[in-house]
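Novice: predicted coordinates and the sequence they were generated for:
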Amino acid sequence: MEITLNGKSVPVQGEATVLEVARREGIWIPTLCHHPGLPPYGACRLCIVEVKAGGRQGLTASCTLPPAEGLVVETDSPRVRERRKVLVQLLLAVVRDAPEIRELARRLGVEKAPFKPPEEKRECILCGLCVRVCETAGNSAIGFAFRGSQRRVSPPFGKAAADCIGCRACAKVCPTGAVRFEQAGDRLTGEPWQADLQVARCTSCGRPLAARLLLDFARKKVVCSDFEGLCPACRRRKVARSVKRRG
Ligand code: SF4
Ligand code: FES
């Protein structure tokens, strides 16, 4: 199958979305709520492209648009550029200090937000990456709550995250820095989920290793039956010793 991207015919090589085809072709399309390892969500709309033929015409999110024979797509048309600019201006009004948003604004030629910031300071843009990564790789400890302007990501009932295992995947994927974990001594705390977890130590050298619940989770879910609670350095030493013995 072939599609037309910015006037050029390109083959589809098993990609599930136009965004993936464009990326393989080296075409830059900005994204905020997309992660290649997570199901598409279509929340931020930054990845919009203009469908000219072969499908429903108009602006649509490329991260959820499947390639189809005869599809003609413009990734950088004046309409696309204009819409992306407005979206980034809105984001800047909400989270103007987030480096990833500022960098996007710079690339899209947006200098400032002509919109009034919300009265309540916010750091979350509701991209849903944290929720999806928690469902996929973690323990489904958080989800969306409320609707409209009250919509937010939260542990169940707005209470401290009882199911958080401290994998910190949510903090890694968050594009605005709204999720933060801090480790002090034997405690790992995570905001805004109010997570408070005990940290286990390496069974060999005694250095803090990871949240105890995460290690229990790994023992149960991951294929590592010989997992002994060793830190990476001790594990490397152990492997090196056994290789030497065999040699
Ligand atoms: S906390 Fe971060 S990752 Fe989660 S929805 Fe908000 S911006 Fe996205
Ligand atoms: S990356 Fe496609 S809608 Fe966010």
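Specialist: Structure received. Ligands and ions are numbered 1, 2, ... in the order given.
Novice: and the pLDDT for the residue sitting furthest away from the middle of the chain?
Specialist: Relative to the C-alpha centroid of the chain, counting by CA atoms, centre = their mean, residue 247 is the outermost residue, at 43.7 Å. Residue 247 is assigned 70 on the pLDDT scale.
Novice: for residue 240, see how far away it is.
Specialist: Using CB to CB, to the nearest Å, residue 247 is found at 11 Å from residue 240. Any C-beta I mention is one placed from the backbone N, CA and C, and that applies to glycine too.
Novice: got the residues of the chain near ligand 1?
Specialist: 124-130, 153, 173-176, 178-179 (CB under 6 Å from any ligand atom).
Novice: what segments of the protein are helices?
Specialist: Using DSSP state H, the helices of the chain run over 18-24, 78-94, 99-107, 129-136, 169-173, 212-221, 232-246.
Novice: adding mean neighbour count, write these out as a markdown table.
Specialist: Converted to a markdown table, these look like this (neighbours: other CB atoms under 10 Å):
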| stretch | mean neighbour count |
| --- | --- |
| helix 18-24 | 21 |
| helix 78-94 | 17 |
| helix 99-107 | 15 |
| helix 129-136 | 21 |
| helix 169-173 | 20 |
| helix 212-221 | 15 |
| helix 232-246 | 11 |
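Novice: out of those helices, which gets nearest to residue 64?
Specialist: helix 18-24 (8.4 Å; CB to CB).
Novice: any idea of the mean pLDDT in the closest one?
Specialist: The model assigns helix 18-24 a mean pLDDT of 98.
Novice: returning to what we had before: please name whichever of the helices of the chain is nearest to ligand 2.
Specialist: Smallest distance to ligand 2 across the helices of the chain (CB to the nearest ligand atom): 6.7 Å, for helix 18-24.
Novice: quick one: the closest one near ligand 2?
Specialist: No: using CB under 6 Å from any ligand atom, we find that helix 18-24 stays clear of ligand 2, coming within 6.7 Å at best.
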